[in-house]
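K.L.:
no sequence for this one, just the structure:
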């Protein structure tokens, strides 16, 4: 009792300290409050920096809790339909991570609201005059999401068995409500970039036009896909941490599988993410060409070189993890010959993508070259080359996954040679189409060249659809060459998963800076001008430092939250269900082959003992 009292006293003191700290930052003079200044200065750090940091932290947590449940409910549905408890355990683990971060997301959102109201009152008053009806919708959706997620998590055992369909429905409903919350919040963000539904004086004429502005739907799609990638990388990083700290082979096998699934989800969504980003960029250009030129060719042009390096790390890291994973799969030796050429394509693509159009050179160097454009490397600095190599890198990553997927399986279908022939032909034809339009783009005007990129995207997407449509039935019921040895993957693979999570988090911060920075000295572009003392777009170096600090704080908070969540497991041998153990065999059942290359993934039976399902 004394211990509980001391804990409560500490909590009260911490809350009082936080309130006092916030109170010291807010104005205390009632006369000052009545004047309603347009801006207020946050002590020492400045208002913009504090709002920037809190907003980015809130966005990171929100992306995780909105992205992770999407694939969690898909995995739960797989477990429900196949009656396989290992998928149910995995879905529960993902939801547990979401639940642990839920309250932190809400607290950061509330803090961000206080900062807007307190330090940017004029901006907040204007946004309220436009979007006040949506505030009620947002609040109702948030309360609904909270209630559903809590019931989804705490009702896992209660809504099992014959009532499992109710529990799955809660998961689906939680994702629908979460997506609606995302769409509402995105309307506020995109209105600041591409305002609509207002007259020349900035007064509201149509709420729906203000919501459905130029960039609303592209950002909805882009953020939805990015949230899935982000949720997958964070979940995989959590599994990697648990793998590295595991004390038993069973635990390593369990979290090796969890890390694989999280990375699989991230790669699957990451492959199509550049297409959504390209759509968003096109809509920004369509709304205002000056803004588009500022984004790609102005003072932010070097930002995209940094972005290319980060995305190159994501591509190389994702493929490297798959290649390391093949070492624990018997029979994968026959595919290792493809690794060197795939690495070559990824490396060349990375180098071309990171090549700037204008070099940083001295006056003498520029005079020797005849300008700031290098006579050879300058050709690789334009979008024709970059669009071409990024599509080839996506194709290569997809090929890595296909080889990993079939690593320990041999198809027994009589049409296997014809099927593989069509698959390889699809890869070859797509590569030719991508390269053709990339080279032809050097000989046409810019408008035609932009149109070529659409055909490149469609060719890659068509290839993915065709190959998967053949591969799934071709390897259904395939003969296994041996069980996957979960938990035996090299430890460096887990550091790759952590690297991917950190890199994508940093990339999210960088792209958020790019999206906000193109507004320059406007709160709402062309409508509400930023007249504060901080109304200047920061330099890329300064922004990079801020993003780095925010990323470090985010992962420190994530680590602390997950550590707190893990305290409840100490002293207990099992959580909501017996944890999966190594199967030691494979399964050729048709319904379960969704997230793993074969059914040699960890498995539990009703008694919680290790067991292998027989083919």
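P.N.:
Alright, I've got the coordinates. All values reported here derive from a predicted model rather than from experimental measurement.
K.L.:
contacts only, for residue 287.
P.N.:
Neighbouring residues of residue 287 by CB atoms under 8 Å, 6 or more residues apart in numbering: 193, 194, 214, 215. To be clear about C-beta, it is placed using only N, CA and C from the backbone, and glycine gets the same treatment.
K.L.:
among the residues you listed, which ones are in strands?
P.N.:
With DSSP state E as the criterion, strands contain none of these.
K.L.:
go ahead and name everything in contact with stretch 97-110.
P.N.:
Stretch 97-110 is contacted by residues 54, 57-58, 61-62, 64-65, 68-69, 72, 142, 146, 149-150, 153, 234-235, 238, 557-558, 561-562, 564-565 when judged by CB under 8 Å, 6+ apart.
K.L.:
mind doing that once more with 6 Å?
P.N.:
Stretch 97-110 is touched from outside by 57, 58, 61, 62, 64, 65, 68, 69, 153, 235, 561, 565, with contacts defined as CB atoms under 6 Å, 6 or more residues apart in numbering.
K.L.:
picking up where we left off before, mind putting the contacts of residue 287 into CSV with neighbour count, distance to residue 542 and pLDDT?
P.N.:
Rendered in CSV, the data for the contacts of residue 287 read as follows (neighbours: other CB atoms under 10 Å; distance: CB to CB, whole Å; pLDDT from 0 to 100):
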residue, neighbour count, distance to residue 542, pLDDT
193, 24, 22, 92
194, 21, 26, 91
214, 20, 29, 89
215, 25, 26, 91
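K.L.:
ok, now which ones touch residue 392?
P.N.:
Remark: with contacts taken as CB under 6 Å, 6+ apart, residue 392 is in contact with residue 349.
K.L.:
quick check: what element follows the host helix or strand of it along the chain?
P.N.:
Using DSSP states H and E, the element containing residue 392 is helix 383-405. On the C-terminal side of helix 383-405, the closest following helix or strand by DSSP H and E is strand 409-410.
K.L.:
give the pairing partners of that next one; include direction for each.
P.N.:
strand 479-480 (antiparallel) (DSSP bridges).
K.L.:
for the helix or strand just after the partner strand, packing partners?
P.N.:
Downstream of strand 479-480, the first helix or strand assigned by DSSP H and E is helix 492-517. Using 3 or more CB pairs under 6 Å, 6 or more residues apart in numbering; DSSP states H and E as the contact test, the elements touching helix 492-517 are helix 216-244, helix 301-325, helix 540-567.
K.L.:
just the buried ones from the contacts of stretch 97-110?
P.N.:
Neighbour-count burial (16 or more other CB atoms under 10 Å) is assigned, among the contacts of stretch 97-110, to 57, 58, 61, 62, 64, 65, 68, 69, 153, 235, 561.
K.L.:
report the two of the residues you listed separated the most.
P.N.:
Using CB to CB, the buried ones among the contacts of stretch 97-110 reach their maximum pairwise distance at 57 and 153, which is 22.9 Å.
K.L.:
quick one: mean pLDDT over the longest helix seen in the chain.
P.N.:
Among the segments of the chain that qualify as a helix by DSSP state H, the longest is helix 249-287. Average pLDDT, helix 249-287: 87.
K.L.:
next one: stretch 152-168
P.N.:
For stretch 152-168, the mean per-residue pLDDT is 86.
K.L.:
now residue 528. Its backbone dihedrals?
P.N.:
When read as degrees, to the nearest 10, the backbone of residue 528 gives phi -120, psi 110.
K.L.:
quick check: bridge partners of it?
P.N.:
According to DSSP bridges, residue 524 are recorded as the beta-bridge partners of residue 528.
K.L.:
quick one: low-confidence ranges for the stretch 1-150 of the chain?
P.N.:
Counting by pLDDT under 70, the low-confidence segments of the stretch 1-150 of the chain come to 1-35.
K.L.:
before we move on, the earlier item: show me which pair in the contacts of residue 287 is furthest apart.
P.N.:
Across the contacts of residue 287, no pair lies farther apart than 193 and 214, at 8.0 Å, counting by CB to CB.
K.L.:
need the overlap of contacts for those two.
P.N.:
By CB under 6 Å, 6+ apart, residue 193 and residue 214 have no common neighbours.
K.L.:
please identify the most buried of the helices and strands packed on helix 492-517.
P.N.:
Mean neighbour count (mean count of other CB atoms under 10 Å) peaks for helix 216-244 among the helices and strands packed on helix 492-517, with a mean of 24.
K.L.:
give me the buried positions along the helix holding residue 392.
P.N.:
For helix 383-405, a neighbour-count test (16+ other CB under 10 Å) marks 383-405 as buried.
K.L.:
and the gap between residue 323 and residue 341?
P.N.:
In this structure, residue 323 and residue 341 are 12 Å apart, going by CB to CB, to the nearest Å.
K.L.:
make that residue 119, sorry
P.N.:
Between residue 119 and residue 341 the distance is 55 Å, computed by CB to CB.
K.L.:
neighbour count winner among the two?
P.N.:
residue 119 (23 against 11; other CB atoms under 10 Å).
K.L.:
surely the more buried one touches residue 40?
P.N.:
Yes: using CB atoms under 6 Å as the test, residue 119 is close enough to residue 40 to be in contact (4.7 Å).
K.L.:
just give me the neighbour total for residue 428.
P.N.:
Residues within reach of residue 428, counting by other CB under 10 Å, total 11.
K.L.:
same question for residue 275.
P.N.:
Residue 275 is surrounded by 22 other residues when neighbours are defined as other CB under 10 Å.
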